[in-house]
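Visitor: mind looking at a prediction? Sequence and model below.
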There are 2 protein chains.
Amino acid sequence: MSTRASKRQKPNDADKPFQLIYWPGVPGRGEHIRLAFEASGTPYTDVSNKTDAGANCVLTQIDSSNTGDDHNPPALAPPMLKHGDDVLISQTPNILLYLGPKLGLVPDVNDDPVGAYHINALVLTALDGLSNEAHDVHHPVAVSLYYEDQKPEALRKAKDYREVRLPKFLGYFERVLAGPASKGGEYLYGGKLTYADLVLFQVVDGLSFAFPKRIGKMKESGKYEKVFGLHERVKGLEKVKAYLESDRRPKYSEGIYRHYPELDEEGE
Amino acid sequence: MSTRASKRQKPNDADKPFQLIYWPGVPGRGEHIRLAFEASGTPYTDVSNKTDAGANCVLTQIDSSNTGDDHNPPALAPPMLKHGDDVLISQTPNILLYLGPKLGLVPDVNDDPVGAYHINALVLTALDGLSNEAHDVHHPVAVSLYYEDQKPEALRKAKDYREVRLPKFLGYFERVLAGPASKGGEYLYGGKLTYADLVLFQVVDGLSFAFPKRIGKMKESGKYEKVFGLHERVKGLEKVKAYLESDRRPKYSEGIYRHYPELDEEGE
């Protein structure tokens, strides 16, 4: 499957099917897993979207009576990855960590034994600041309440997010791309595409949907040229481009990235 | 250093010194790294607390002019781990992932190639729900503002945290401990201490400081016996016990876990 196969990979791993278990119809956190499969040309089944199981594939896993099996603890929330019949793992950055060497989306562990950890750190940082916090902007009090029931708090948090957090996180990734470990600034680490680039692509893409005015201004400022350059570069990769144009790419709607004009600086 | 050494470990790794780079005087996210070293009896230097560098060891790393070096991207925030002269990695769960096999705190990759991923998932879940969210309870709007400037929002969020989120997350870990992959329910995975247990110990410990009344009630309810049992079990491990009684263990104060009585249900 990949010339960058990790030592952790068992010889028969390539034959075991990959199944993504996530909510149907939305990009969400599952989108990071879809992009890893799509960008590497790896066959996978998007179970809820492509089989009769639908959302039940998620619901049975997160049911409060499920205690997992002999080898797999239960998962709290999707996405989950099923690999063959016997491996079921959860948590977005963890699934990507597991897939990275199998899909050729991290440096070869023999050449660079620490590279996978740097990529994991970049992904954790991007997901914390640009995905989880982007969600908390419209749900600052409780995920169990509607946005409309926490709108005053959301308006306050959105202002801080636009003015403090977005510049902090995009500025950080600009610095990573300017640094020597990026080997040229086209990709985040080591001069080649890794799954950290796919994650940064997706969070910038989602933010552009949620905060079009603010992201537009940040783009125009010229301060984050390398970050937006990476977004365009990944978007233009042959396999990514084909995926984005396909019906396999779910549309943004009422998920992590939501466009509420009042949270995108019209109120200022 | 360990009989569970990973394939990723180079033969000379054991000779390279470990340095923890974190803010001085507070437990914070650095505490998870300290506990891994302490519980495994691994020598390390807690740079800001034990050398003249103080907080400067953090400040130079997170300076906006720092773009890292040839092999290490810059870090956004502490904690960071320096291993020897050439490895610098960041993000709490990532540092633990790196240390796990080196400190014997994950199953041997040859016996259980997926175990480290399960442990990583458990840690990500515990840190998301019981550390990050516990922090967001007193800072729901912006980390850049004082608690006093977001108190109405904090009161609302605290209610949801106590009534919805705490039962959800502690209930999840109770379910993990009840599951067959825990091999008996004394530890989260595989019947032996891993760094996931140290993380769960620390978050339950911090929550007990921040929400003594609510956690006390949850303890009395008997619904989370295995979780609180694990907390006591880890607390009583010889090396952990000695550490907790030493002056190396920082005291809780104005960090992630803060005790504001009004957020701990007195207002109900």
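Guide: Looks like it arrived, so ask away.
Visitor: buried ones in stretch A:24-41?
Guide: Of the residues in stretch A:24-41, those scored as buried under the neighbour-count criterion (16 or more other Cβ atoms under 10 Å in any protein chain shown) are A:24, A:26-40. Every C-beta, even on glycine, is put in place using the N, C-alpha and C of the backbone.
Visitor: next: stretch A:250-268.
Guide: Within stretch A:250-268, the residues that qualify as buried by neighbour count (16+ other Cβ under 10 Å) are A:Pro250, A:Tyr252, A:Gly255, A:Ile256, A:Tyr257, A:Arg258, A:Tyr260, A:Leu263, A:Asp264.
Visitor: what about those, which are in strands?
Guide: Judged by DSSP state E, the subset of the buried residues of stretch A:250-268 located in strands is empty.
Visitor: okay, those in JSON lines with distance to chain B next?
Guide: Putting those into JSON lines (distance: Cβ to the nearest Cβ, whole Å) gives the following:
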{"residue": "A:Pro250", "distance to chain B": "23"}
{"residue": "A:Tyr252", "distance to chain B": "23"}
{"residue": "A:Gly255", "distance to chain B": "17"}
{"residue": "A:Ile256", "distance to chain B": "14"}
{"residue": "A:Tyr257", "distance to chain B": "19"}
{"residue": "A:Arg258", "distance to chain B": "18"}
{"residue": "A:Tyr260", "distance to chain B": "16"}
{"residue": "A:Leu263", "distance to chain B": "13"}
{"residue": "A:Asp264", "distance to chain B": "17"}
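Visitor: of the residues you listed, which is the nearest to B:Phe201?
Guide: Sorting these by how near they are to B:Phe201, with Cβ to Cβ, puts A:Ile256 at the top with 30.8 Å.
Visitor: lowest-confidence one in the buried residues of stretch A:250-268?
Guide: By predicted confidence (pLDDT), the lowest-ranked of the buried residues of stretch A:250-268 is A:Gly255, with 90.
Visitor: so what does that residue look like in phi/psi?
Guide: The phi/psi pair for A:Gly255 (degrees, to the nearest 10) reads phi -110, psi -140.
Visitor: in contact with it, which residues?
Guide: The contact partners of A:Gly255, by Cβ atoms under 8 Å, 6 or more residues apart in numbering or on different chains, come to A:Val26, A:Pro27, A:Gly28.
Visitor: likewise A:Asp112?
Guide: Counting by Cβ under 8 Å, 6+ apart, A:Asp112 touches A:Gly190.
Visitor: pLDDT score for it?
Guide: Spelled out, the predicted local distance difference test score at A:Asp112 is 97.
Visitor: so A:Lys192 touches A:Pro107, yeah?
Guide: Yes. With the criterion set as Cβ atoms under 8 Å, A:Lys192 and A:Pro107 qualify as a contacting pair; they are 7.5 Å apart.
Visitor: more neighbours: which of the two?
Guide: A:Pro107 (22 against 16; other Cβ atoms under 10 Å in any protein chain shown).
Visitor: assumed that one was part of a helix.
Guide: No. Residue state for A:Pro107 (DSSP: H, G, I helix; E, B strand; the rest coil) corresponds to coil; a helix is not indicated.
Visitor: distance of it from B:Glu225?
Guide: Separation of A:Pro107 from B:Glu225 (Cβ to Cβ, to the nearest Å): 45 Å.
Visitor: equivalent analysis for A:Ala134, please.
Guide: Relative to B:Glu225, A:Ala134 is positioned 37 Å away (Cβ to Cβ).
Visitor: and the two? which has more neighbours close in?
Guide: For A:Ala134 and B:Glu225, the more surrounded residue by other Cβ under 10 Å is A:Ala134, and the numbers stand at 22 against 14.
Visitor: how much space separates that one from chain B?
Guide: Computed as Cβ to the nearest Cβ, to the nearest Å, the A:Ala134 to chain B distance reads 14 Å.
Visitor: looks like that residue contacts A:Ser208 (just checking).
Guide: No. Distance between A:Ala134 and A:Ser208: 11.1 Å, which falls outside the contact criterion (Cβ under 8 Å).
Visitor: and which of the contacts of A:Gly255 is nearest chain B?
Guide: Out of the contacts of A:Gly255, the one with the shortest distance to chain B is A:Gly28. That distance is 15.3 Å, counting by Cβ to the nearest Cβ.
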